[in-house]
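Participant: Here is the input, now give the coordinates:
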Amino acid sequence: MRAQIHRRTVLACALSLVATFGCSRQSPEPATTPAETKTVPTTATANTHLPPGIDWFAGDVDAAFAAAKSSGKPLFVFWGAEWCPPCAQIKSTIFNTREFQERSRLFVPVYIDGDAPGAQRVGERFGVVGYPTMILFNADGKEIMRLPGGVDIARYATVLDTALATSRPMHETLRAASNGVAMESADWQLLAYYSWSTDNGRLIAAGDRVDMFRRLDSYCPPDLKVECSRIFFEYLRALSMAARDGGSPLEAKQREQTGARLISLLASPEAIRANVENLIYTPTDVVGLLSDPGSPQRAQLVMGWRSALDSLAGGGEDFALSGPEQINIYRSRVALQRLSEPEAALPPALLEEARQTVARVTSAAPEGYARHAAVNAAGNLYFEAGLDDEANALLIAEIEKSKSPYYFMIELADLAKKAGRETDALAWLERAYADAKGPATRFQWGYNYLVGLLEMTPEDTARIERVGLAVLGELDDSPDAFYQRTRLRLEQLSTRLLDWSQGREDRTAVVTKLRERTAGTCSGLPAGDEGRASCDAFLRAEAPATAGA
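Facilitator: Below you'll find the predicted structure:
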């Protein structure tokens, strides 16, 4: 009997998707290669945050690139954070496998914790925002591949082997494929399994995604059914995102034809197993894109999607879902049920199956990374299913055990706000900020608290001023305070505060004090520092607005 392959689904904690910098329900052209960028020192290791078995490079990123070049080995970069559930899932699964640990001897592995000194500046350099991001560079420092987290271990190992064997940067492969140049199946495999969710505009600008994936889909060789199915799903995701941003909808005939192709795909066991993350996380967007409420096509798509989820849940002797995936199957089923019958209550049988799955998975999850990821999935499922009491009980119990309890406090704040208990919501946000660890994380959690005050107690100018000054104080003495995730969130905070203060003298006075507080930090930055402009722009009317939740 073949050994059971456990699937590992991981989605990045991307800024554009996650308002709280956590992978919860809440919801940039290509840069130069590292060899072409200015050297930026950083502490790139935090080995106490990682499972044993991999010889992570003990030094900064530039030293790692130098070691890779001198040894002729590729460089593998893992960018993550201690509190991030998908990062925890990767640590507890992919990095714990013999397959990955053996392959890690073929490259120089580097871990960059988002709270390490200089980490956000390195994030800017690599064009990453989402935790986790996994990037493979060749020995000369050119980016080869952004690796996916949402595939089974055997598939991950195969994709990693293919990426290690290639010397062609992905942008060259993409250009050739999109122009119809004949390519090897290995090239199509890399395109299909490239982590487009963490691409962040490096290979394809946001406005070009629909056209690019349409072209890739049209050129993908029909005999590569698995690879073509993944590219087709990327096309559907690009269409969904464009529609959400106000793009032109598909014409009726296009919707019908695309929907029919999807229904066929949902009946393919190979395509189903190759697209677990797409099936779990995209039903609302894709089905909504391709059908109207109450239409026959809506009914067919929902039925086909449910059948595909049933097939996944059934697994097999050579295939099994991870714990979080088993839970998220029910999150997808909840979404499909609401698409099918938006006004009806969720079936009691569905809710009971969801409860039983959560109980089984969380009770079996060992303490640490695996449990953190499982409880996060369970809390999200309960929230979406309207099981708020169960979500509260689960998360409150978990904060007594978790190494990152402040993460779950944000979710408890969401639940309290949803129930209209704004005082409790703010109390959880305050506690989460107080307990958060690490400079980037403390600023991000402080942002959540301050935004909560702006939304729920906008008249409490004294408290907003006090908290605002404290949160901005988190930026003092940080070598990368105005880079990447922190910079993006600071831009969003600037927009929110300026909007809040419009037409109110008392609020304008608060904004003035916050601007003056930041000016002191800006004055300590070198005149030529790339982050100085971001710092100087804070709370100016011309400060750039950043898209995102």
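Participant: Only C-alpha atoms from now on, for both contacts and neighbour counts.
Facilitator: Noted.
Participant: And for V467, the neighbour number?
Facilitator: 18 (other C-alpha atoms under 10 Å).
Participant: pretty sure it contacts V451?
Facilitator: No. Using C-alpha atoms under 8 Å, V467 is not in contact with V451, being 10.2 Å away.
Participant: which SSE is the residue nearest to L301 when sequence neighbours are not counted in?
Facilitator: Leaving aside its sequence neighbours, L301 sits nearest to I263 (C-alpha to C-alpha, 6 or more residues apart in numbering; 6.1 Å). Following DSSP states H and E, one finds I263 within helix 252-265.
Participant: Buried residues, the helix or strand just after that helix. List them.
Facilitator: With elements assigned by DSSP H and E, the helix or strand that comes after helix 252-265 is helix 269-274. For helix 269-274, burial by neighbour count (16 or more other C-alpha atoms under 10 Å) applies to 271-274.
Participant: Against which helices or strands is helix 269-274 packed?
Facilitator: Here helix 269-274 touches helix 225-244, helix 296-314, going by 3 or more C-alpha pairs under 8 Å, 6 or more residues apart in numbering; DSSP states H and E.
Participant: following the worst-scoring helix or strand of the chain on mean pLDDT, which helix or strand shows up next?
Facilitator: In the chain, no helix or strand scores lower on mean pLDDT, DSSP states H and E than strand 7-8, which sits at a mean of 32. Next helix or strand after strand 7-8 toward the C-terminus (DSSP H and E): helix 61-71.
Participant: ok now that following helix, how far from the chain's centre?
Facilitator: 28 Å (C-alpha atoms, centre = their mean, to the nearest Å).
Participant: still on that earlier bit, of all the helices and strands packed on helix 269-274, which one is nearest V122?
Facilitator: Among the helices and strands packed on helix 269-274, the nearest to V122 by C-alpha to C-alpha is helix 225-244 (27.5 Å).
Participant: what does stretch 444-456 contact?
Facilitator: Here stretch 444-456 makes contact (C-alpha atoms under 8 Å, 6 or more residues apart in numbering) with 20-21, 422, 426, 429-430, 432-433, 436, 460, 464, 467-468, 471, 486, 489, 493, 496-497, 500.
Participant: Now do it, average pLDDT.
Facilitator: Averaged across stretch 444-456, pLDDT comes to 97.
Participant: and what of stretch 532-548?
Facilitator: What stretch 532-548 shows for mean pLDDT is 68.
Participant: same check, this time on stretch 193-212
Facilitator: Mean predicted confidence for stretch 193-212 is 93.
Participant: which phi and psi does R146 have?
Facilitator: Backbone torsions for R146, taken as degrees, to the nearest 10, come to phi -100, psi 120.
Participant: Which residue, other than its chain neighbours, is closest to it?
Facilitator: Using C-alpha to C-alpha, 6+ apart, the closest residue to R146 is I135 (4.5 Å).
Participant: Repeat that for V108.
Facilitator: Closest residue to V108 apart from its sequence neighbours, by C-alpha to C-alpha, 6+ apart: L75 at 4.7 Å.
Participant: and what of D506?
Facilitator: D506 sits nearest to T461 (C-alpha to C-alpha, 6+ apart), 7.5 Å away.
Participant: how much space is there between the one you found and V510?
Facilitator: Using C-alpha to C-alpha, to the nearest Å, we find T461 at a distance of 7 Å from V510.
Participant: same question, Y449
Facilitator: 16 Å.
Participant: picking up where we left off before, so the residue nearest to R146, which of the three states?
Facilitator: strand (DSSP: H, G, I helix; E, B strand; the rest coil).
Participant: all strands in the stretch 101-250 of the chain, in order from the N-terminus.
Facilitator: With strands called from DSSP state E, counting those that start in this stretch, the stretch 101-250 of the chain shows them at 108-113, 133-137, 143-147, 151-152.
Participant: how about those strands, which one is nearest R215?
Facilitator: Taking the strands of the stretch 101-250 of the chain one by one with C-alpha to C-alpha, strand 143-147 is closest: 20.2 Å.
Participant: Name the strands paired with the closest one and say parallel or antiparallel.
Facilitator: Using DSSP bridges, the strands paired with strand 143-147 in its sheet are strand 133-137 (antiparallel).
Participant: tell me which residues of the partner strand are tucked away?
Facilitator: 133-137.
Participant: Give me the contacts around that strand.
Facilitator: In contact with strand 133-137 (C-alpha under 8 Å, 6+ apart) are residues 12, 74-80, 143-148, 163, 198.
Participant: between it and strand 108-113, what angle do the directions make?
Facilitator: Angle, strand 133-137 to strand 108-113, by axes from the mean of the first three to the mean of the last three C-alpha atoms, to 10 degrees: 150 degrees.
Participant: Please renumber the chain so that the first residue is 14 from this point on.
Facilitator: Taking 14 as the first residue, the last one we looked at is strand 146-150.
Participant: What's the mean pLDDT across strand 146-150?
Facilitator: 95.
Participant: okay, it in PDB with CA atoms only?
Facilitator: The C-alpha trace of strand 146-150 is given here as PDB (Å, rounded to 0.1, in the frame of the first residue of the first chain):
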ATOM      1  CA  THR A 146       6.100  33.700   0.700                       C
ATOM      2  CA  MET A 147       8.600  31.100  -0.600                       C
ATOM      3  CA  ILE A 148      11.000  32.100  -3.300                       C
ATOM      4  CA  LEU A 149      13.700  30.100  -5.100                       C
ATOM      5  CA  PHE A 150      16.700  32.000  -6.600                       C
END
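Participant: which residues in the stretch 114-263 of the chain form helices?
Facilitator: 132-139, 166-178, 183-191, 198-206, 222-232, 238-257 (DSSP state H, counting those that start in this stretch).
Participant: who wins for proximity to P306 among these?
Facilitator: Across the helices of the stretch 114-263 of the chain, closest to P306 is helix 238-257 (C-alpha to C-alpha), at 16.3 Å.
Participant: Can you list the neighbours in contact with that closest one?
Facilitator: Residues contacting helix 238-257 (C-alpha under 8 Å, 6+ apart): 201-202, 204-206, 222-223, 226-227, 229-230, 233-235, 261-262, 278, 283-284, 287-288, 291, 295, 298-299, 302.
Participant: Does anything pack onto the helix holding I276? Which helices or strands?
Facilitator: Using 3+ C-alpha pairs under 8 Å, 6+ apart, helix 265-278 is in contact with helix 296-303, helix 309-327.
Participant: could you check the angle helix 296-303 makes with that helix?
Facilitator: Going by the same axes, to 10 degrees, helix 265-278 makes 140 degrees with helix 296-303.
Participant: that older thread, looking at Y462 and V523, which is more packed in?
Facilitator: Each of Y462 and V523 has its neighbours counted (other C-alpha under 10 Å); Y462 has more, 29 against 20.
Participant: and the host helix or strand of that one, which residues are buried?
Facilitator: Y462 is located in helix 452-469, with elements delineated by DSSP H and E. Residues of helix 452-469 classed as buried: 452-467 (neighbour count, 16+ other C-alpha under 10 Å).
Participant: quick check, nearest of the residues you listed to R319?
Facilitator: Nearest member of these to R319, counting by C-alpha to C-alpha, is N461, at 35.8 Å.
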